[in-house]
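Q: Generate coordinates for the sequence data below:
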Amino acid sequence: RTTLAQAGDGAFQVEAIRVADGVYLRLRSAEQASAWSRLDAGAIALVLVDTRLGLVGTGAGLVLPHTGPFEVVYRAAR
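A: All right, here's what the predicted structure looks like:
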């Protein structure tokens, strides 16, 4: 399991795993985690709408509730 991005305060993480020929992503916070969803695009985007954090670019819409501002720390995956 690899962390692709996370909030500066650790409030959430975007995790990735490789299974056979696919890459699967999920959102995780201290309280909960989304289901794993297969990467469908060459890029992903984090989207904050009201208090919900979403991840675009996967087969299923991944969403976690989130409150307050946060700083995103990006780390390139190899």
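Q: which residues touch the residue nearest in space to the middle of the chain?
A: Compute the mean C-alpha point of the chain, and by Cα atoms, centre = their mean the closest residue is residue 14, 3.0 Å away. Residue 14 makes contact with 3-6, 25-28, 44, 46, 55 under the criterion Cβ atoms under 8 Å, 6 or more residues apart in numbering. Where you see a C-beta, it was placed from the backbone N, CA and C, and this is true even at glycine.
Q: Need the phi and psi values for it.
A: Main-chain dihedrals, residue 14, degrees, to the nearest 10: phi -110, psi 120.
Q: Tell me the confidence at the closest residue to residue 13 other than its chain neighbours?
A: Ranked by Cβ to Cβ, 6 or more residues apart in numbering and with sequence neighbours excluded, the top spatial neighbour of residue 13 is residue 6, at 4.3 Å. pLDDT for residue 6: 85.
Q: And for residue 1?
A: For residue 1, pLDDT reads 87.
Q: so how far is residue 57 from it?
A: Going from residue 1 to residue 57 by Cβ to Cβ, to the nearest Å gives 18 Å.
Q: my read: residue 61 touches residue 54, true?
A: Yes: using Cβ atoms under 8 Å, residue 61 is in contact with residue 54, at 6.5 Å.
Q: of these two, who's got more company?
A: Per other Cβ atoms under 10 Å, whichever of residue 61 and residue 54 has more neighbours is residue 54, with 17 against 11.
Q: Please enumerate the strands of this structure.
A: Secondary structure of the chain by DSSP state E: the strands cover 2-7, 12-19, 22-29, 37-38, 45-49, 52-56, 62-65, 72-74.
Q: What subset of the contacts of residue 14 is buried?
A: Burial by neighbour count, 16 or more other Cβ atoms under 10 Å: within the contacts of residue 14 this picks out 4-6, 25-28, 44, 46, 55.
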